[in-house]
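> Sequence first, predicted model second:
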Amino acid sequence: MHKTVSSAPLANRPDNSFSNSWGGLLAGMGAFTLWGILPVYWKGLSTVPAAEILCHRILWSFVFVAVFLTLSRRWPEVSSLLRSRKSVLLLGLSSLMLSINWLTYIWGVNAGFVIEASLGYYINPLVNVLLGCLVFRDRLRPLQVMAILLAAAGVLNIVFNYGQVPWIALVLAFTFAAYGLIRKVVRTESLPGLWLETAIISGPALIFLLLSPGRGSFAAMGLQIDILLIGAGLITSLPLLLFAFSARRLRLVEVGILQYIAPTMMFLLGLLVFKEPFSPARLISFIFIWAGIIIYMCESIWFLKKFSPKI
């Protein structure tokens, strides 16, 4: 779906002017709004198998990001990445995480699990904190532990009431957290890194499409489907550009709050537009998770203000 705050470089304000801050705010809102309405886009491709949509998203993202890199004259950043064998290997791993995340998300949306997909992106920041503890030995602060436990209680409530693990939400949360973790190690900007990731997996994606029965859905299901498949690259790349613009003009706290626009819009789309079932038991689970998120956000704001006065 989208980048989480934890996988982005620390936001700062190179220019503290009022107009610059508002520009960053509007760009951030635009990025997370586009990510939030992605279910509507994928629903327009519901007649196309999820694996084919994924392959087209990879291939057209590769093309559109190349165009953006050319227009912004940022190919030297890609060249620098290619000279690092470690970076290429890590981005190969991150491309695998991204592919699993995209495929799960597209399949989940078109199979009628938009609300569960939103759950995955609600708990993703908490999974980021947990992975930071496990991988980087970060120390969890007491309120962070409480937030994670509340989210875990929400997930367990679904398991006990429905007898099934919300695997779509968990796959989305953990694959994107792993993706963010890898990208944090590589320390590359969004667009050059995304181009190399899509370059690595474009070959397998193209082979899959060429070997599909009847050569797949492209040029076989009408002009509208073709336009939507091509546009999958643009709808992937454009929010990243807006997010990168926003992250350099807003404080980390502000970006952290904006990131919940996307799952909230997804939740409302699933509930109000797509009319997905939402029982009282599931509401209780979301209340646990929302409570954990509120605690996490408030604790993060307090901590950053106390120990990072410039943020």
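Right, received. Where do you want to start? Numbers count the residues shown, from 1 in each chain.

> quick one, what contacts L54?
Residues near L54 by C-beta atoms under 8 Å, 6 or more residues apart in numbering: 99, 102-103, 106, 205. (Each C-beta comes from the backbone N, C-alpha and C, glycine too.)

> try 7 Å this time
99, 102-103, 106 (C-beta atoms under 7 Å, 6 or more residues apart in numbering).

> tell me how far whichever strand or helix holds it is from the chain's mean position?
In this structure, L54 sits in helix 50-71 according to DSSP states H and E. Averaging C-alpha positions (C-alpha atoms, centre = their mean, to the nearest Å) puts helix 50-71 16 Å from its chain's average.

> buried stuff in it?
50-62, 64-66, 68-69 (16 or more other C-beta atoms under 10 Å).

> related to what we said a few turns ago, I'd like to know which of the contacts of L54 is nearest to L228.
I106 (12.1 Å; C-beta to C-beta).

> What pLDDT is listed against the closest one?
pLDDT for I106: 97.

> I'd like to know the average pLDDT value across the lengthiest helix in the chain.
The longest helix of the chain (DSSP state H) is helix 280-307. On average, the pLDDT along helix 280-307 is 88.

> elements contacting it?
Other helices and strands packing on helix 280-307, by 3 or more C-beta pairs under 7 Å, 6 or more residues apart in numbering; DSSP states H and E, are helix 114-136, helix 142-162, helix 252-258.

> Make CSV from those and add mean pLDDT, distance to T236 and mean neighbour count to it.
Converted to CSV, the helices and strands packed on helix 280-307 look like this (pLDDT from 0 to 100; distance: least, C-beta to C-beta, whole Å; neighbours: other C-beta atoms under 10 Å):
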stretch, mean pLDDT, distance to T236, mean neighbour count
helix 114-136, 90, 16, 22
helix 142-162, 91, 27, 17
helix 252-258, 78, 19, 20
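
> right, and those - which one's nearest L210?
For the helices and strands packed on helix 280-307, proximity to L210 was assessed by C-beta to C-beta; helix 114-136 is nearest, at 29.5 Å.

> who does whichever strand or helix holds P76 touch, helix- and strand-wise?
P76 belongs to helix 75-82 when assigned by DSSP H and E. Counting contacts by 3+ C-beta pairs under 7 Å, 6+ apart, helix 75-82 is packed against helix 190-211.

> Report the next helix or strand after the helix it packs on in sequence order.
helix 223-247.

> quick one: average pLDDT of that next one?
89.

> So for it, what gets flagged as buried?
Result for helix 223-247 [16+ other C-beta under 10 Å]: buried residues 225, 228-229, 231-247.

> try stretch 77-85
77-78, 81.

> And the residues you listed, which is closest to L170?
Checking these against L170 with C-beta to C-beta, the nearest one is L81 at 30.7 Å.

> Many thanks, I have nothing further to ask.
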